[in-house]
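Asks: model the following, please.
(one chain, ligands or ions: 1)
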Amino acid sequence: MTPSARIAAAIDLVAAVDATPRRPADATANDFFRARRYIGGGDRRAVSERAWGVLRQRLRLAWWLSRVRLPDQARFLVLAHLLLVEGMTLEQVDGFFSGQQFAPPPLAAAERQRIGGLAGQPLVSPEMPEHIRLNLPDWALDSFRGRFGDSLPAEAEAMDVAAPLDLRANLLRTTREQAAAALAAEGIETEPTPYSPWGLRIPDRRPVLASKAFADGLVEIQDEGSQLIALLTGARPGMRVADYCAGAAGKTLAVAATMANKGRIVACDVSAPRLEGAVKRLRRAGVDNAERHLLTPGDRWVKRRAGQFDRVLVDAPCTGTGTWRRNPDARLRTTPRDVAELSAKQHDILDTTASLVAKGGRLVYATCSMLPEENAAQVEGFLSRHPEFELVPFATAWAEATDAPAPEVEGPWMQLSPHRHGTDGFFTAVLQRRA
Ligand SMILES: C[S@@+](CC[C@H](N)C(=O)[O-])C[C@H]1O[C@@H](n2cnc3c(N)ncnc32)[C@H](O)[C@@H]1O
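Replies: Here you go, the predicted model:
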């Protein structure tokens, strides 16, 4: 593709994302490229990178567009990105918007005059309202301020940077060192992650899905923060464990590895397609002590298993605000209504799963959100409704699980953030049923 054609394709991709605003952008992008198989790997990366850049900076780009009285639409967003983020001059932009085959149509005189007002401007202007300067939706500002206080600007900046690719060495098949050597032999360099004893980081995000090490189940793709949730679950060989919101078993796999295939782990979810996605992964990873259970309305599974589990992991459905560096479109899609609905769901799931936990057993509550309403407030509410549970301080749960140095955190739970820990934003609280 010519540079102009790449720009035109990025405009089309942003328009496609905008046409289905409730749909995750990566799902739209998959369909977009599937329908355009003629776009090769390098071009695809370049087009996605630019479109993702637009989504990442959309609040700021839209603010600039409103200043020059242009609509917040794909063509103008990409133009604004070229000028404000990529630092092009107006003359360079004219060259690319040539109207020739596969290039975007030329700028009309009025368009050119308006968009020209952005050339040479900084992306972040002191005149922007605070939430736009920080690149956060206005409704989330107070919650984030409550969570981060003075570090909010640094945290917000870290949320703007694309996440690295983290892997978890699958201890059922290998060690971290052997997995790193196997990947290096295939030309994929990794470095150990700072906190997870199983983690490997690929700083340049080189793809691993096609590698033999991945096909052989030596590694799984998993953010370091997710690995630490599995670690804090503290499952040991021989235990009975429920992964109640298992999805496609990302954490089930990691927890099963800590059990060395001894004992029983049940992966539950309300989504059949997600649980179905677990089958292949469990097989590839060599997990043979796991079963799956699809939760259905009126299901008596929970009642029949009251008090039977040593560990219950609740990786709750949440807003995912901790993954905004990975899914920049999510910060534009999430609304206060989502926060309210998901908080209510988290409350109900916690109350339901409490009954599964055996005396002396643990309920581990986790989210990939950084909003206090989904985290600390949720746990405090639970403890006031369930005096039969007590909080296990993070330092205790960590020291029981590993000799590795613990991440520094505030409060009695594990709160991870992109700026402070280099992970996605995760929350985990360990709650123990009194014996
Ligand atoms: C954060 S995701 C889980 C991710 C997964 N644990 C992993 O590590 O890949 C939350 C999951 O909760 C499931 N879920 C939503 N409502 C639920 C409910 N009422 N009970 C159990 N699971 C639920 C969703 O289908 C989703 O798969």
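Asks: quick one: the strands in this structure, in order.
Replies: 165-169, 191-192, 199-202, 219-221, 240-243, 264-269, 290-294, 309-315, 357-367, 389-392, 414-416, 426-433 (DSSP state E).
Asks: would CSV of the ones you listed with distance to the ligand, mean pLDDT and mean neighbour count be doable?
Replies: In short, each C-beta sits where N, CA and C put it, glycine included. Formatted as CSV, these follow (distance: least, CB to the nearest ligand atom, whole Å; pLDDT from 0 to 100; neighbours: other CB atoms under 10 Å):
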stretch, distance to the ligand, mean pLDDT, mean neighbour count
strand 165-169, 11, 97, 25
strand 191-192, 21, 97, 14
strand 199-202, 15, 96, 22
strand 219-221, 10, 97, 22
strand 240-243, 7, 98, 26
strand 264-269, 5, 98, 24
strand 290-294, 10, 97, 17
strand 309-315, 4, 98, 25
strand 357-367, 7, 98, 22
strand 389-392, 19, 98, 17
strand 414-416, 15, 97, 24
strand 426-433, 10, 98, 25
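Asks: redo these as CSV? Include distance to residue 339.
Replies: Below are the strands of the chain laid out as CSV (distance: least, CB to CB, whole Å):
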stretch, distance to residue 339
strand 165-169, 27
strand 191-192, 36
strand 199-202, 30
strand 219-221, 28
strand 240-243, 24
strand 264-269, 22
strand 290-294, 27
strand 309-315, 18
strand 357-367, 11
strand 389-392, 23
strand 414-416, 17
strand 426-433, 14
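Asks: give me the most central residue, the chain.
Replies: For the chain, the residue nearest the mean C-alpha position is residue 323 (3.2 Å; CA atoms, centre = their mean).
Asks: residues in contact with residue 44?
Replies: residue 33 (CB atoms under 8 Å, 6 or more residues apart in numbering).
Asks: which pLDDT value goes with it?
Replies: On the pLDDT scale, residue 44 is placed at 95.
Asks: residues of the stretch 251-400 of the chain that sit close to the ligand?
Replies: Selection of the stretch 251-400 of the chain residues close to the ligand by CB under 6 Å from any ligand atom yields 251, 269, 270, 271, 274, 295, 315, 317, 345, 349.
Asks: kindly recompute the last result at 5 Å.
Replies: Taking CB under 5 Å from any ligand atom, the part of the stretch 251-400 of the chain that reaches the ligand is made up of 251, 269, 270, 271, 274, 315, 317.
Asks: show me the two of these that sit farthest apart.
Replies: 251 and 270 (16.2 Å; CB to CB).
Asks: for these two, indicate the residue with more neighbours.
Replies: A count of neighbours by other CB atoms under 10 Å puts residue 251 above the other of residue 251 and residue 270, at 22 against 15.
Asks: and the more buried one, what does it touch?
Replies: Counting by CB under 8 Å, 6+ apart, residue 251 makes contact with 226, 229, 230, 233, 243, 313, 315.
Asks: residue of this structure closest to the ligand, please.
Replies: Using CB to the nearest ligand atom, the single residue of the chain nearest to the ligand is residue 250, 2.7 Å away.
Asks: can you give me the helices in the stretch 201-350 of the chain?
Replies: Listed in chain order, the helices found in the stretch 201-350 of the chain under DSSP state H, counting those that start in this stretch are 212-215, 224-233, 250-258, 272-285, 301-304, 330-333, 336-354.
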